[in-house]
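In: my questions are about this predicted structure, shown below with the sequence.
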Amino acid sequence: TTDILAEAGKQKKANQLIVGFALETENELANAADKLYRKNADAIVLNSLRVQGAGFRNNTNQITIINKKGEKLESELASKKDIANQIVSYVITQLHES
């Protein structure tokens, strides 16, 4: 199968913001940061299964957004709708800054 994030990173234009997602079970931050650079993304939304109440079987989640500036923005455990709103707000903020 085609690695969509890697392909998007290869074709990235100057005015684009590419945000990928990672679900990591070991060395979460290091693996997500590695993915950020390997895929030429601007940010990675890291999902962790280590946080109780987060993940696929729950209505809540917790994320950490890692960007190329070295910033790590960690959310609280929240509804998946609230998490989605946080991601969209992050993207809008980044687009306005560029």
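Out: That came in fine, so what should we check first?
In: which of the helices or strands spans Thr64?
Out: Assigned by DSSP states H and E, Thr64 belongs to strand 63-67.
In: any idea which helix or strand comes after that strand?
Out: Downstream of strand 63-67, the first helix or strand assigned by DSSP H and E is strand 72-74.
In: strands paired with the following helix or strand past that next one, and their directions?
Out: Toward the C-terminus, strand 72-74 is succeeded by strand 78-79 as the next helix or strand (DSSP H and E). Partners of strand 78-79 in the sheet, by DSSP bridges, are strand 60-61 (antiparallel).
In: and the nearest residue to Asn40 once chain neighbours are set aside, helix, strand or coil?
Out: Nearest in space to Asn40, with sequence neighbours left out and distances taken as Cβ to Cβ, 6 or more residues apart in numbering, is Gly9 at 3.0 Å. From N, CA and C alone the C-beta is placed, and that goes for glycine too. The local conformation at Gly9, judged by DSSP: H, G, I helix; E, B strand; the rest coil, is helix.
In: surely Gly9 meets Ile18?
Out: Yes: under the criterion of Cβ atoms under 8 Å, Gly9 lies in contact with Ile18, with a separation of 6.0 Å.
In: just the CA coordinates of the host helix or strand of Tyr90, formatted as CSV?
Out: Taking DSSP H and E as the definition, one finds Tyr90 inside helix 80-97. Only the C-alpha atoms of helix 80-97 are listed here, as CSV (Å, rounded to 0.1, in the frame of the first residue of the first chain):
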residue,chain,number,x,y,z
LYS,A,80,-13.1,12.8,21.0
LYS,A,81,-15.1,15.7,19.7
ASP,A,82,-13.1,18.1,21.9
ILE,A,83,-9.9,16.5,20.8
ALA,A,84,-10.9,17.0,17.1
ASN,A,85,-11.6,20.6,17.9
GLN,A,86,-8.2,21.0,19.5
ILE,A,87,-6.5,19.6,16.4
VAL,A,88,-8.5,21.8,14.0
SER,A,89,-7.7,24.9,16.2
TYR,A,90,-4.0,24.0,16.2
VAL,A,91,-4.0,23.7,12.4
ILE,A,92,-5.8,27.1,12.0
THR,A,93,-3.3,28.7,14.3
GLN,A,94,-0.4,27.3,12.4
LEU,A,95,-1.8,28.4,9.0
HIS,A,96,-2.2,32.0,10.4
GLU,A,97,1.4,32.0,11.6
